[in-house]
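Participant: After the sequence you'll find the predicted model.
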Amino acid sequence: MDPHLLRTFVAVARCGSFSEAARELGYTQSAVSQHIAALESDLGAVLLRRRPVSATAVGTRLLEHAGPLLLRLDAARADIARLTAAPASRIVIGASPLAMTPQLTGTLADMRQTQPLLGVTVRVLGREAITHKVATAALDLGLVDGMAAPNDPLHLPDVGPLTALAVTEQPLAVALPAQHPLAGRTSLRLTDLADARWIDAPDTAIPLAQLRTAGGTDGYRASLRYEGTDVRGLVVLSATGHGLALLPQPTIDGIPGISAVLISAPRLIHRTEVLHSNAVDGPPALLAAALLAATQ
């Protein structure tokens, strides 16, 4: 299967238009049509309905494979480029909102003192975006967070040969408005809150889908969706009664109008991992080692 044809197919399916995909890819519309026809001939199946443009059942199944396949190809190219590149004079770090910890900022400050000419860019991104961008070398280093059982690794997408190592583990707590009937409790079971109103903040709090899996119920329904990366803004929404959010306890402590109540069961923690290519070298490798050393 020709990856160039597969990229064209993905673009057409995403855009819902041959002409839009042609503009995005820099091809003529005729070339895009030829690519799709060649891919359909190769696979012996119709992948796209033409009017309106949409994926067939076979095309939908191919799309499920296409994303991971193309990502692994990009990751392979990026890995080879890392091995042949000159030493970097700059570093690009990606961090999910809850991974922007004092440990990261302090370790980064120490590195900049020893390497004052090093150019540093920090990007706050969603968890999945960080994994993909580290794999494809758009980021030199990533810090990604999530919920896990104590001492268990995060379940990250398989996007290539990457190394992920824990840098912090913190207790999880639910953010409750100070006037909430349960705000005075020292701990709660997660299932006690299955019927409560929650804020759906997939990149900032623990995603509600993970709460349903951990709690073994289809509860934890959202009353509001939050698409920002400002953790404090999310906590303020919770404090003013828009819904609950599950967060690392230190994130909630000390914010007026909010109570942090620990989750006692199931046994879960908030974990942050540093993520990098197996071929990482230079400043990214030094920063990763420094972050790990700070946990010892």
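Facilitator: Arrived safely, thanks for sending.

Participant: so where's this structure uncertain?
Facilitator: Scanning the chain for pLDDT under 70 picks out 82-88, 296.

Participant: Can you list the residue ranges for helices in it?
Facilitator: For the chain, the helices defined by DSSP state H cover 3-15, 18-25, 29-43, 57-84, 102-114, 127-135, 208-215, 231-239, 249-252, 282-293.

Participant: Determine the number of other residues adjacent to Ile91.
Facilitator: Number of residues near Ile91 (other CB atoms under 10 Å) recorded here: 21. (C-beta placed from N, C-alpha, C; glycine too.)

Participant: what do you get for the one 10 residues further on?
Facilitator: Neighbourhood size, Thr101 [other CB under 10 Å]: 20.

Participant: how near is it to Thr229?
Facilitator: Thr101 is 14 Å from Thr229, where distance means CB to CB, to the nearest Å.

Participant: again with Val10
Facilitator: Computed as CB to CB, the Val10 to Thr229 distance reads 27 Å.

Participant: Need the residue closest to the centroid of the chain.
Facilitator: Taking CA atoms, centre = their mean, the centroid of the chain lies closest to Arg127, which sits 1.3 Å from it.

Participant: who's in contact with it?
Facilitator: In this structure, Arg127 makes contact with Ser96, Val144, Asp145, Gly146, Asp203, judged by CB atoms under 8 Å, 6 or more residues apart in numbering.

Participant: nearest to Ile36, of those?
Facilitator: Nearest to Ile36 among the contacts of Arg127 is Asp203, at 33.6 Å by CB to CB.

Participant: isn't the closest one right up against Thr229?
Facilitator: Yes. Proximity of Asp203 to Thr229 meets the contact threshold set by CB atoms under 8 Å, at 6.4 Å.

Participant: which residues are common contacts for the two?
Facilitator: Common neighbours of Asp203 and Thr229 (CB under 8 Å, 6+ apart) are Pro97, Leu125.

Participant: circling back to that earlier point, switch the contacts of Arg127 over to CSV; also include neighbour count and distance to Asp42.
Facilitator: Output for these, formatted as CSV (neighbours: other CB atoms under 10 Å; distance: CB to CB, whole Å):
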residue, neighbour count, distance to Asp42
Ser96, 23, 39
Val144, 25, 37
Asp145, 24, 41
Gly146, 20, 38
Asp203, 20, 37
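
Participant: Save those residues as a markdown table, and put in distance to Leu25 too.
Facilitator: What follows is the contacts of Arg127, written out as a markdown table (distance: CB to CB, whole Å):
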| residue | distance to Leu25 |
| --- | --- |
| Ser96 | 30 |
| Val144 | 30 |
| Asp145 | 35 |
| Gly146 | 34 |
| Asp203 | 28 |
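
Participant: and which of those is nearest Cys15?
Facilitator: Nearest to Cys15 out of the contacts of Arg127 is Asp203 (CB to CB; 24.6 Å).

Participant: okay, now the closest residue to that closest one other than its chain neighbours: neighbour count?
Facilitator: Of all residues not flanking Asp203 in the chain, Gly126 sits nearest, at 4.1 Å (CB to CB, 6 or more residues apart in numbering). Using other CB under 10 Å, Gly126 is surrounded by 17 other residues.

Participant: Tell me who's in contact with Gly126.
Facilitator: By CB under 8 Å, 6+ apart, the neighbours of Gly126 are Ser96, Pro202, Asp203.

Participant: Same question for Arg14.
Facilitator: Ala21.

Participant: how much space between it and Arg61?
Facilitator: Shown here: Arg14 relative to Arg61, a distance of 16 Å by CB to CB.

Participant: again, but for Arg123
Facilitator: Shown here: Arg123 relative to Arg61, a distance of 33 Å by CB to CB.

Participant: again with Leu141
Facilitator: From Leu141 to Arg61 the distance is 35 Å (CB to CB).
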